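**Q** Below is the sequence, then the predicted model.
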Amino acid sequence: MRSGPLLPPAMPTVLVVDDEVRSQDAMRRTLDEDFSVLTAGSAAEARLLLEQQEVSVILCDQRMPGLTGVVFLKEVRERWPDTVRIVISGYTDTEDLISGINEAGIYQYILKPWIPDHLLATVRNAVEAQGLQRDTNRLHLELRSSTPVLRERAASNLAQARQAFDFDRIERASGSPLDAVCELAARVARYDLSTLVLGESGSGKELLARAMHYASPRANKAFVSENCAAMPDTLLESELFGHKRGAFTGAFEDHAGLFQRANGGTVFLDEIGETSPAFQVRLLRVLQEREVRPVGAARAVPVDVRVIAATHRDLEQRVRDGLFREDLFYRIAGVTLTVPPLRERVGDIAPIARRLLQEVGQELGMGAARAAALKLSDEALGVLMAYPWPGNVRELRNEIARALALSEGESLAAQSFSARVLQGQTGAGLATLVPSSHLGQAASGTLAERLDAIEAVILRETLLRQRWNKTRAAKELGLSRVGLRAKMARFGLEG
């Protein structure tokens, strides 16, 4: 009997029981980087080690002199029930296998010759299973004595979630086109109606769906989301509906799908328009029967969920094109909501950008106080309001993150934004950037006033094209840097 090298006490201990020294050494080499490994050549030696210290996992050979592995592990189950038990055998004896599972509570049965990576993964999973079981037992004891406290804590958490995801927290300006959408969504949220949310990518469809969940009677249950365009049919079915152990290669354990985990709550299916006809058939059955059948399962499992689907596609056109099932469309589109793109609600850009500035600042590690002091210069805000934002709020968030990383100080200047955003201000976009007083003077007023207004437009356009680089802008306009600065100050164009 010998132990492995001294390791930090925090490492879980694995006991290898095998009468062959070469097998002991092979398993120690496989496991000793992750675990403290003890070895024993017989059940008697193993018993002594178990009495001396705590062991997380036992790897026991089935065919040994004296007691067989299964018989010994029956004893271990009675005396040390928290220790996870694994049998290793070179024989496929069905009776031993059944006996081990039923009587000794075997966690796993590994056949020789074993594969190192598989052995290591099995032991890691066993240690994790032991930890989860201990946590479950501890929580069970705590729950018995802490039910009132936990109930109060759950109610408090729910109240915080309702407040955080309230429709009023969807950032927008007064009189925004989103007001009517949020008002309708709030009315629909109270009823268990399937809802289809339409809108371009990044426009905030999931945010609207989450607000609907927390405004509904299902708010105290889970809200889960899945992007249907992010994975192929087989993985999507497994993720949503679950699978049984052994259903396919890599299915090492049972997996509860999102529909089961959200039972009583809401499932948000984003980009549902990207799903295949085959998957649509299965989803339709789930919605009609209100039950899911995990991949490889013999029985269906009843589920009670509300489905909110979203897409950037024109689903009605896809129905006409034969790419989306008509019966599924009517099943998910009990109520249809449309989130307008950011370019159709320019007034929302300023409040959204200011809020993102605080959020992204904290995400980048600036701290709450410093993030709260961040601000956008007037020129920077003008640039943002003139750009069409094909990626909507998601693109705006990325642009602000980039600008924060490149800026110095608390105020973001216009030149901090990418060339794509700066060069997007042409034609009609300039009307947003040029002060209304200048635009009015260009259409009327004295000749001097009209010339000044035109000069202001040219000056601003050049600065934008040169990404507010004053040296390059001055060179293009045939001015000195001092002359350019003077004109910028005259027309209120200081960045």
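**A** Received, thanks.
**Q** what number of residues lie near residue 176?
**A** 18 (other CB atoms under 10 Å). Bear in mind the C-beta positions are built from the backbone N, C-alpha and C, glycine included.
**Q** Assess the claim that it and residue 346 are in contact.
**A** No: proximity of residue 176 to residue 346 does not meet the contact threshold set by CB atoms under 8 Å, at 9.9 Å.
**Q** give me the number of residues near residue 135?
**A** Neighbours of residue 135 (other CB under 10 Å): 10.
**Q** Tell me the pLDDT of it.
**A** Note for residue 135: predicted pLDDT of 77.
**Q** and what of residue 322?
**A** Taking residue 322 on its own, its pLDDT is 94.
**Q** Wasn't it part of a strand?
**A** No: according to DSSP: H, G, I helix; E, B strand; the rest coil, residue 322 belongs to no strand; its state is coil.
**Q** Could you report the separation of it from residue 280?
**A** 12 Å (CB to CB, to the nearest Å).
**Q** ok, longest helix in this protein?
**A** helix 116-164 (DSSP state H).
**Q** buried residues in whichever helix or strand comes after that helix?
**A** Under the assignment DSSP states H and E, the closest C-terminal helix or strand after helix 116-164 is helix 178-189. Using 16 or more other CB atoms under 10 Å as the test for burial, helix 178-189 gives 178, 181, 182, 185, 186, 188, 189.
**Q** who's in contact with the second one?
**A** The contact partners of residue 181, by CB atoms under 8 Å, 6 or more residues apart in numbering, come to 208, 337, 338, 339, 340.
**Q** Measure how buried the residue lying closest to the fourth one once chain neighbours are set aside is and give me the count.
**A** I take that to be residue 339. Spatially, and ignoring its direct neighbours in sequence, residue 339 is nearest to residue 199 (3.4 Å; CB to CB, 6 or more residues apart in numbering). Counted with other CB under 10 Å, the neighbours of residue 199 add up to 19.
**Q** Pretty sure residue 199 sits against residue 342.
**A** No: taking contacts as CB under 8 Å, residue 199 lies outside contact range of residue 342: 10.2 Å.
**Q** about what we covered before: which of the contacts of residue 181 are buried?
**A** By 16+ other CB under 10 Å, the contacts of residue 181 give 208, 337, 339, 340 as buried.
**Q** Quick one: classify the second one as helix, strand or coil.
**A** Under the three-state scheme (three-state DSSP), the conformation of residue 337 reads as strand.
**Q** Verify the stated contact: it with residue 193.
**A** No: the pair residue 337 and residue 193 fails to qualify as a contact (CB under 8 Å) at a distance of 11.1 Å.
**Q** coming back round to it: more neighbours: which of residue 322 and residue 280?
**A** More crowded of residue 322 and residue 280, by other CB under 10 Å: residue 280, with 19 against 9.
**Q** Please, which helix or strand holds the more buried one?
**A** helix 277-289.
**Q** who does that helix touch, helix- and strand-wise?
**A** helix 233-241, helix 326-332 (3 or more CB pairs under 8 Å, 6 or more residues apart in numbering; DSSP states H and E).
**Q** Report the buried residues of the last one.
**A** Burial within helix 326-332, assessed by neighbour count using 16+ other CB under 10 Å, is assigned to 328, 329, 331, 332.
**Q** how far away is residue 66 from residue 236?
**A** Counting by CB to CB, the gap from residue 66 to residue 236 is 52 Å.
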